[in-house]
Every structure is written in structure tokens, then in C-alpha cells.
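Asker: model this:
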Amino acid sequence: MCCKKDEERLILLLFLEKTKGKYRGSETFPYLCRQKSCNMEEKMLKVVLMAEAFDFIKEQPQRVGEKIFDNIHRIEAGERNAQLFKKLEGTKIWEFRTLYNKMVYRLFAFWDTEKETLVIATHGIVKKTQKTPTKEIAKAESIRQIYFNEKGGLS
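Answerer: Numbers count the residues shown, from 1 in each chain. Below is the predicted model of the structure:
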């Protein structure tokens with residue numbers, strides 16, 4: 001492998017092969033869908049996974065990963081459902097919520113609407129308590145701040 005992006009591409013292609021290409025048209029992985037020849041429906045927004053969020057999903061059992069991606073696709077297509085995607089009170093952080101086999105999975109995210117409607121997923125956790133851990137929210141806020149500082153301005 002010549003770089004991390006190639007490694008991620010290979011991992012994704014192996015996942016796609018394992019899931020029979022179910023996610024091939026997903027804008028969740030924009031580097032696979034640069035060409036408009038992909039057969040994808042019109043998206044309301046685009047979800048971008050940071051490396052840690054991608055690794056979190058990759059580490060989960062296959063069915064869990066499929067369920068998380070299905071939920072992401074529903075939100076991308078414009079479904080408004082607080083059971084799947086909800087703003088955390090008192091923050092600028094949102095969470096993708098997935099329930100599978102009585103286990104609760106969360107991906108933390110924030111919005112970037114400067115040029116297009118993007119939702120940036122930062123990282124994920126398997127939730128073990130009723131309340132979302134404060135340190136995970138703080139971590140997502142910190143990643144958000146770094147993202148916008150590097151981009152050239154806090155949004």
C-alpha cells in the first residue's frame with residue numbers, strides 16, 4: 001500500500017464484496033463515487049466518515065455495520081427521524097443512533113454547510129448507559145473545532 005487512503009479503499013472494497021456491493025453507490029464514501037455514473041438516488045445531504053468513525057464501523061460485526069450504513073443512507077435520503085439522527089442538547093454535536101440486538105451504537109457528527117450540506121461523522125461508541133458520556137461529546141466538539149480551524153474559520 002502506498003498510503004492510508006489506498007488502505008481504506010481496499011478495506012472498503014473488501015467490505016463491499018462481503019456485502020455484495022450493497023453500498024457501492026453510497027456518497028458516504030465519496031472517493032468511490034467521484035464519477036456520476038454511479039447509480040445513486042438524489043441525496044439531501046452527504047455523510048462523510050472521518051477515519052475513526054470508519055474504523056469503528058469496520059470493527060463491528062457485519063450485520064451491525066450494515067444496519068449503521070442503512071441508517072446513514074436513510075438520513076442522506078432526507079428521512080427525518082430522531083430515533084436515527086438527533087442533536088445533542090446544549091451542543092453543536094449530533095448523533096447517528098443505531099439499535100441492533102439490544103445493543104446501542106452511536107456515531108457522533110457535526111454539520112458543515114458552507115459549500116454543500118455535509119455531515120461529518122467523527123467517531124463512534126457502543127453505548128452502555130442511558131446518558132451519553134460527556135467525554136465523548138467533548139471529543140466530538142474538539143474534533144469539530146479542529147476541523148473548522150483547519151478549514152479557515154469556525155462555523
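
Asker: when you work out contacts or count neighbours from here on, use the C-alpha atoms and nothing else.
Answerer: Fine.

Asker: list the contacts of Val126.
Answerer: 103-106 (C-alpha atoms under 8 Å, 6 or more residues apart in numbering).

Asker: right, and the helix or strand after the helix or strand containing it?
Answerer: Taking DSSP states H and E as the definition, one finds Val126 inside strand 118-127. Using DSSP H and E, the helix or strand that follows strand 118-127 towards the C-terminus is helix 134-151.

Asker: tell me what that following helix is packed against?
Answerer: strand 103-112, strand 118-127 (3 or more C-alpha pairs under 8 Å, 6 or more residues apart in numbering; DSSP states H and E).

Asker: who wins for proximity to Glu66 among these?
Answerer: strand 103-112 (12.3 Å; C-alpha to C-alpha).

Asker: re earlier: give me the buried entries from the contacts of Val126.
Answerer: Buried subset of these (neighbour count, 16 or more other C-alpha atoms under 10 Å): 105-106.

Asker: between the contacts of Val126, which is nearest Val48?
Answerer: Arg106 (15.1 Å).

Asker: let me know the average pLDDT across the strand holding Val126.
Answerer: Mean pLDDT, strand 118-127: 94.

Asker: who does that strand pair up with?
Answerer: Using DSSP bridges, strand 118-127 pairs in its sheet with strand 46-49 (parallel), strand 103-112 (antiparallel).

Asker: just the buried residues of it, please?
Answerer: 118-125, 127.

Asker: one more: stretch 80-98?
Answerer: For stretch 80-98, the neighbour count (16+ other C-alpha under 10 Å) marks 84-86, 93-98 as buried.

Asker: among these, which are in helices?
Answerer: Assigned to helices by DSSP state H, none of the buried residues of stretch 80-98 qualify.

Asker: which of those sit farthest apart?
Answerer: Going by C-alpha to C-alpha, the pair spanning the buried residues of stretch 80-98 furthest: Ile93 and Thr98, at 16.3 Å.

Asker: what's the end-to-end length of stretch 102-119?
Answerer: 26 Å (C-alpha to C-alpha, to the nearest Å).

Asker: who touches it?
Answerer: Contacts for stretch 102-119 (C-alpha under 8 Å, 6+ apart): 44-48, 53, 92-99, 120-128, 137, 140, 144, 155.

Asker: ok, now stretch 131-144?
Answerer: 91-93, 108-110, 122-123.

Asker: for Arg63, state which of the residues you listed is nearest.
Answerer: The closest of the contacts of stretch 131-144 to Arg63 turns out to be His123 (C-alpha to C-alpha; 18.8 Å).
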